[in-house]
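A.B. asks: Fold the following for me, if possible:
(4 chains)
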Protein chains: 2
Amino acid sequence: MATTVKDVATMAGISASTVSRVLNGSSHVSQSTREKVMRAVEVLNYSPNTLAQGLKGGNSRVIGLIMPYIGTSITNYATCGVEQAARERGYTVMLCNTNESLLSEKEHVELLIKRGVDGIIFATVTKSLAHQDHIRTVFESGLPVVNMIRRMKAGSQVPTVTIDNYQCGYDVAEEVIRQGGRHVVIVEQQATFYLYDERVDGCVDALQNCGIKPVILSSATEISAYLASGAALDHVIAVNDSVAAKTITSIVRAGKCVPQDIGVFGFGDLEISRLYNPSISTVKQPFTEVGNQACHLLIDKIENPTLEQEREILLQGELIVRESSR
Amino acid sequence: MATTVKDVATMAGISASTVSRVLNGSSHVSQSTREKVMRAVEVLNYSPNTLAQGLKGGNSRVIGLIMPYIGTSITNYATCGVEQAARERGYTVMLCNTNESLLSEKEHVELLIKRGVDGIIFATVTKSLAHQDHIRTVFESGLPVVNMIRRMKAGSQVPTVTIDNYQCGYDVAEEVIRQGGRHVVIVEQQATFYLYDERVDGCVDALQNCGIKPVILSSATEISAYLASGAALDHVIAVNDSVAAKTITSIVRAGKCVPQDIGVFGFGDLEISRLYNPSISTVKQPFTEVGNQACHLLIDKIENPTLEQEREILLQGELIVRESSR
DNA sequence: CTGAAAGCGCTTACAG
DNA sequence: CTGAAAGCGCTTACAG
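C.D. replies: The predicted structure is shown next:
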């Protein structure tokens, strides 16, 4: 049904081999046959079957993307970035969702290999150091692999693209200090990820450099009790924008004003930080760019296997001061 | 490098054909050879190369998913739903992002066909009736196709899974009336989609049935001027949750209270509607379910080509009343 | 510069 | 019940 090399060859009056050569521009072909082929390709609207190309051992031009969850904006933007870079370079993305399941992540790896992908991008579910053998195995097999968003274990050879969350935390804390912060609370969230830990570490270090020891609460709901206790408080740094929003609500309901009484910061620059009233000061996280770079890194390796890859790419966030602070 | 049928055949001491038969369970095979094969498969950890399977004319077990934009929660949830259903049934998703470009949508169709997908799911970018020929062409070629989220032109044969936005609008307006609404404003948004139009239509019809004629504003920023004009207003229905949030901010800044002075409703049940202060009354939209059903519809057709498909599946929303109303 | 042949890994009539 | 052969569409040494 679809047109094949054979059809083109017949129409051009030459062999299939030569058609293939013209299309892949490998060896030298005479100008006249090249033109004949191109004309036939044009007329028949021919385009090679990638399945067959992939089977033949060439690149399948498909990369696997294994995400922990797709319904969240971080992974979303990263997915978007990967897809965009892949398309630019002529690759297609196979999307896998592990729902934060390690088992599922492992299964997806096997599936993707079976599907003949040229490489795999992870945003690995594991922060546990012990459970990344499946990734290392793939890496060592020579199949190009890039990890993004979430760090892997220290000493891992797998190239990783991520955001410098420690620095983001450090920047926020410095801004807090600039605004005169003395009594600072950091609000975490139940499910903690590396990236939250890193943000918190950055905050704590920056604050301690100025002699401030922050109080750490493990969820936004604890803010009410903290305020009720009468403890001094002038700034809150929440581990992400959603938590910041919840925190502001708690503060306002306790009868305090944001930012007049208490300044609040989040991380992420999600839609909510712009829409919330008051709008939320935050650190913008370039996740689309993370996806983009991860994909380019992967394809570079695919197309040039001997390439020495960068071990780690750290992207910087951008402090955005809005109404919820100062 | 990877193990093939041949390896299994050699190990089991039989032919490749028979191995294939055992694995595909087609014709009858003796119990003893079946066992030999299974044992070899086990030992070699064999799993067939899907590229070769696809090339051979069987199902490639890959479906194409063409989304207009991935960085937004609606399409996100739908993507999630598709991926989930696909995985359950042994299919893999190729993700395409058109960025709302019709040209790109057309290119993706060709790409996916070339990639040998078994079927394609769209959330088509066009609401223009004139520009869906590429989809119709595919549909008529017999390749299974399902459209979701956004309607296609009336009379289109392409099965569509979507949310009953008209009914959602109708439900919200009825709730407004139940709450004693008399002076109602509907706030739209710049980029209007079918689904927004449908919501508005539902609202307008329900209100008019009760003798209420709503005022329609084209963006949340107009609410300030409207309030300043001194016009009576007791309820606002915004075309989605983000617009509802902006509307509330405008109302509050104009010195009015939500919901005491003015009740506000949105659509979507996005994260923001829970986090906003006050939390926003809305209609929950089951987009994950939309993706899910679209995918099942597609795979049903793939696996049973003679199947008579439903032309349209309409999913219902769910009214959620929160603090921003009554 | 170009063609015939072999092969990627699989499946499926066609024979036995 | 099972095997040998052909073929899916392509590419790539191997000859000329």
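A.B. asks: Any regions of the stretch 151-300 of chain A where pLDDT drops low?
C.D. replies: In the predicted model of the stretch 151-300 of chain A, residues A:192 satisfy pLDDT under 70.
A.B. asks: so which residue of it comes closest to DNA strand D?
C.D. replies: A:Ile299 (17.8 Å; Cβ to the nearest atom of the strand). (C-beta placed from N, C-alpha, C; glycine too.)
A.B. asks: Show me what from the stretch 1-150 of chain A comes close to DNA strand D.
C.D. replies: Proximity of the stretch 1-150 of chain A to DNA strand D, by Cβ under 7 Å from any atom of the strand, involves residues A:1-2, A:4-6, A:16-17, A:19-21, A:23-24, A:26, A:48-49, A:52-53, A:55-58.
A.B. asks: Drop anything exposed from the residues you listed.
C.D. replies: Buried members of these, counted by 16 or more other Cβ atoms under 10 Å in any protein chain shown: A:Thr4, A:Val5, A:Val19, A:Ser20, A:Arg21, A:Leu23, A:Pro48, A:Asn49, A:Ala52, A:Gln53, A:Leu55.
A.B. asks: which one is the residue of the stretch 51-200 of chain A found nearest DNA strand D nearest to, not counting chain neighbours?
C.D. replies: Among the residues of the stretch 51-200 of chain A, A:Ala52 lies nearest to DNA strand D; the distance is 3.4 Å by Cβ to the nearest atom of the strand. Distances taken as Cβ to Cβ, 6 or more residues apart in numbering or on different chains put B:Leu55 closest to A:Ala52, at 5.4 Å, once the chain neighbours are dropped.
A.B. asks: What residues does the one you found make contact with?
C.D. replies: For B:Leu55, the contact set (Cβ atoms under 8 Å, 6 or more residues apart in numbering or on different chains) comprises A:Asn49, A:Leu51, A:Ala52, A:Leu55, B:Gly116.
A.B. asks: B:Thr18 versus that one, what's the distance?
C.D. replies: Computed with Cβ to Cβ, to the nearest Å, the distance linking B:Leu55 and B:Thr18 is 21 Å.
A.B. asks: Tell me which strands the helix or strand where A:Leu319 lies pairs with, and in which orientation.
C.D. replies: Element membership for A:Leu319 (DSSP states H and E) is strand A:318-320. In the sheet containing strand A:318-320, the strands it pairs with under DSSP bridges are strand A:282-284 (antiparallel).
A.B. asks: Quick check: A:Lys213 touching A:Leu207?
C.D. replies: Yes: between A:Lys213 and A:Leu207 a contact is recorded at 7.1 Å, counting by Cβ atoms under 8 Å.
A.B. asks: The two - which one has more neighbours?
C.D. replies: Neighbours were counted for A:Lys213 and for A:Leu207 using other Cβ atoms under 10 Å in any protein chain shown; A:Leu207 has more, 25 against 10.
A.B. asks: If you count neighbours, what's buried in the helix or strand containing that one?
C.D. replies: Here A:Leu207 is covered by helix A:194-209, with elements defined by DSSP H and E. By neighbour count, with 16+ other Cβ under 10 Å as the criterion, the buried positions of helix A:194-209 are A:Tyr194, A:Leu195, A:Tyr196, A:Asp197, A:Glu198, A:Arg199, A:Val200, A:Gly202, A:Cys203, A:Val204, A:Ala206, A:Leu207.
A.B. asks: Could you work out the most separated pair of these?
C.D. replies: Of all pairs drawn from the buried residues of helix A:194-209, the widest gap by Cβ to Cβ lies between A:Tyr194 and A:Leu207 and measures 20.3 Å.
A.B. asks: How about the residues of the stretch 151-300 of chain A by chain B?
C.D. replies: The stretch 151-300 of chain A has residues A:242, A:245-246, A:248-249, A:252-253, A:271-272, A:275-277, A:288 near chain B, with proximity defined as Cβ under 8 Å from any Cβ of the partner chain.
A.B. asks: ok, 7 Å please
C.D. replies: Residues of the stretch 151-300 of chain A lying close to chain B (Cβ under 7 Å from any Cβ of the partner chain) are A:Ser242, A:Ala245, A:Lys246, A:Ile248, A:Thr249, A:Val252, A:Glu271, A:Ile272, A:Leu275, A:Tyr276, A:Asn277.
A.B. asks: where does the first one sit relative to DNA strand C, distance-wise?
C.D. replies: What it means is A:Ser242. Plainly put, A:Ser242 is 46 Å away from DNA strand C if you go by Cβ to the nearest atom of the strand, to the nearest Å.
A.B. asks: Strands of chain A, residue ranges please.
C.D. replies: Taking DSSP state E, the strands of chain A run over residues A:62-67, A:92-97, A:119-122, A:145-148, A:160-163, A:184-187, A:215-217, A:235-238, A:263-265, A:282-284, A:312-315, A:318-320.
A.B. asks: highest average neighbour count across the ones you listed?
C.D. replies: With neighbours defined as mean count of other Cβ atoms under 10 Å in any protein chain shown, the strands of chain A peak in mean count at strand A:235-238, which reaches a mean of 30.
A.B. asks: residues near A:Val252, how many?
C.D. replies: Residues within reach of A:Val252, counting by other Cβ under 10 Å, total 16.
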